[in-house]
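[1] I need the structure of the sequence given here:
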Amino acid sequence: MSSRRSTDSGGSDRRKHAREENRHANEKKVNLTKEPKREVEKIVGVTDDNGELEFGIKFKGNEALELVPARVANLEYPQQIIAYYEERLVWESRDGSQVKAVPPSKNKVS
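    Numbering: from 1, shown residues only. Just a heads-up that it's a prediction; the model follows:
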């Protein structure tokens, strides 16, 4: 039996090019903004704008409330988004009583 080696380097080049394109596409997805990351003071609420969730976020040093798409907020401020949801999470026991999952004082994220 003889072993055949492919002499077609085009396939290898195409795969390498495709990998690089995927890597660049992923970098674009993760790095949605070029501006420096701002510090979240408080997440005020969440709204649905034509099927896209947006968080109302108050940033430190800025008086205005900004609407930030969830797809951006989830990547840029994941811990603050988790804390926002945890503060609102309520468990209902079998007897019908409700208990907060995480007390607000335990949920402080800077």
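
[2] going by C-alpha atoms from here, please, whenever you check contacts or count neighbours.
    Will do.

[3] scan this protein for its longest strand.
    strand 40-49 (DSSP state E).

[4] mind listing the strands it pairs with, and their directions?
    Next to strand 40-49 in the sheet, as set by DSSP bridges, lie strand 52-59 (antiparallel).

[5] state the distance from the residue nearest to K60 when sequence neighbours are not counted to Y77.
    Using Cα to Cα, 6 or more residues apart in numbering and skipping the chain neighbours, the partner closest in space to K60 is E41 (5.0 Å). Distance, E41 to Y77, by Cα to Cα, to the nearest Å: 11 Å.

[6] and for Y85?
    13 Å.

[7] and the helices in this structure, which stretches?
    9-30, 70-76, 78-88 (DSSP state H).

[8] re the thing from before, so the residue nearest to K60 makes contact with K58?
    Yes. E41 is within contact range of K58, at 5.5 Å (criterion: Cα atoms under 8 Å).

[9] who's more crowded, the two?
    K58 (19 against 15; other Cα atoms under 10 Å).

[10] tell me the confidence at that one?
    With respect to pLDDT, K58 has a value of 97.

[11] which residue, neighbours along the chain excluded, lies closest to Y84?
    Closest to Y84 by Cα to Cα, 6+ apart is I43, at 6.7 Å.

[12] quick one, what contacts that neighbour?
    Counting by Cα atoms under 8 Å, 6 or more residues apart in numbering, I43 makes contact with 55-58, 80-81, 84.

[13] now with 7 Å?
    By Cα atoms under 7 Å, 6 or more residues apart in numbering, the contact set of I43 is 55-58, 84.

[14] and the furthest pair within those?
    The two members of the contacts of I43 with the most space between them (Cα to Cα) are K58 and Y84, at 12.8 Å.

[15] nearest to L67, out of the contacts of I43: which one, please.
    G56 (4.6 Å).

[16] how many neighbours does the residue nearest to the closest one when sequence neighbours are not counted have?
    Excluding the flanking residues, the one nearest G56 by Cα to Cα, 6+ apart is L67, at 4.6 Å. Counted with other Cα under 10 Å, residues neighbouring L67 total 19.

[17] can you check the one 10 residues further on too?
    Applying the criterion other Cα under 10 Å, we find 15 residues in the vicinity of Y77.
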